[in-house]
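J.: 3D, please:
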Amino acid sequence: MLIPRQKIPDLNLQTLSGDTFDLGNDGSERGTVVCFYRGLHCPICANYLTELEKRTSEFAERGVKTIAVSSDGEDRARQMAEKIEASDLRFAYGLSLAKAREWGLYISTSRGKTSIGIEEPALFAEPGLFMISPDQTLYYGSVQTMPFVRPHFSELVGALDFAIANNYPARGEYTGEV
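T.: Modelled structure (predicted):
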């Protein structure tokens, strides 16, 4: 389990722009929102990423970068980026399932074709949303066991405004005895 205020696992992946994404050297003023999505096969992911694309400029205004990550290969990641008409949101691909587990993501097995007629991969990671501070520590995290009921990006933008204005620390950091 990832713990707030503690270092997160490294994340180095290829992006659709041809660059290598290195979370440790992302160079954002206030952090990076990492949105792990299930893959091209997931219609809910397409809707969710469309919302993140719309909010990416709002995050940027607050000194926060965004990236969408999946275990899909380059072709399927590119299809998703085209599907949501991404222009600001970065896409990284090829997340290993071992790395997904390091991040605390749940892994699912294929059930065949989805409601939009796209075959699920044999194994894939379920969604997760993380805000990583510039010092590579966890500020916020949310993971799901299935595609439904995800955090709203508008609420995260609002929470960032509050956190910035009040110098609000990451919470949930206590790991002692209870």
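J.: The protein: strands as residue ranges?
T.: Ranges of strands within the chain are 12-15, 20-22, 31-36, 64-69, 90-93, 107-109, 123-125, 128-132, 138-143, based on DSSP state E.
J.: Quick one, which of these gets closest to Ser57.
T.: With Cβ to Cβ as the criterion, Ser57 lies closest to strand 64-69 of those, at 9.5 Å. (C-beta placed from N, C-alpha, C; glycine too.)
J.: Pull the distance from the closest one to the chain's centre.
T.: In terms of Cα atoms, centre = their mean, to the nearest Å, the centre of strand 64-69 is set 6 Å apart from its chain centre.
J.: Show the average pLDDT along it.
T.: Mean pLDDT, strand 64-69: 98.
J.: got it, and stretch 34-51?
T.: Per-region confidence: stretch 34-51 scores 98 on mean pLDDT.
J.: CA atoms of that stretch as PDB?
T.: Output of stretch 34-51 as PDB, limited to C-alpha atoms (Å, rounded to 0.1, in the frame of the first residue of the first chain):
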ATOM      1  CA  VAL A  34      -1.300  10.200 -12.700                       C
ATOM      2  CA  CYS A  35      -4.500   8.600 -14.000                       C
ATOM      3  CA  PHE A  36      -4.200   4.900 -14.500                       C
ATOM      4  CA  TYR A  37      -7.000   3.700 -16.800                       C
ATOM      5  CA  ARG A  38      -8.100   0.200 -17.800                       C
ATOM      6  CA  GLY A  39      -7.400   0.500 -21.500                       C
ATOM      7  CA  LEU A  40      -9.000   1.100 -24.900                       C
ATOM      8  CA  HIS A  41     -11.600  -1.600 -24.200                       C
ATOM      9  CA  CYS A  42     -13.200   0.500 -21.400                       C
ATOM     10  CA  PRO A  43     -16.000   3.000 -22.500                       C
ATOM     11  CA  ILE A  44     -16.100   4.400 -18.900                       C
ATOM     12  CA  CYS A  45     -12.300   5.200 -19.200                       C
ATOM     13  CA  ALA A  46     -12.900   7.100 -22.400                       C
ATOM     14  CA  ASN A  47     -15.500   9.300 -20.700                       C
ATOM     15  CA  TYR A  48     -13.300   9.700 -17.700                       C
ATOM     16  CA  LEU A  49     -10.200  10.700 -19.800                       C
ATOM     17  CA  THR A  50     -12.300  13.100 -21.800                       C
ATOM     18  CA  GLU A  51     -13.100  14.900 -18.500                       C
END
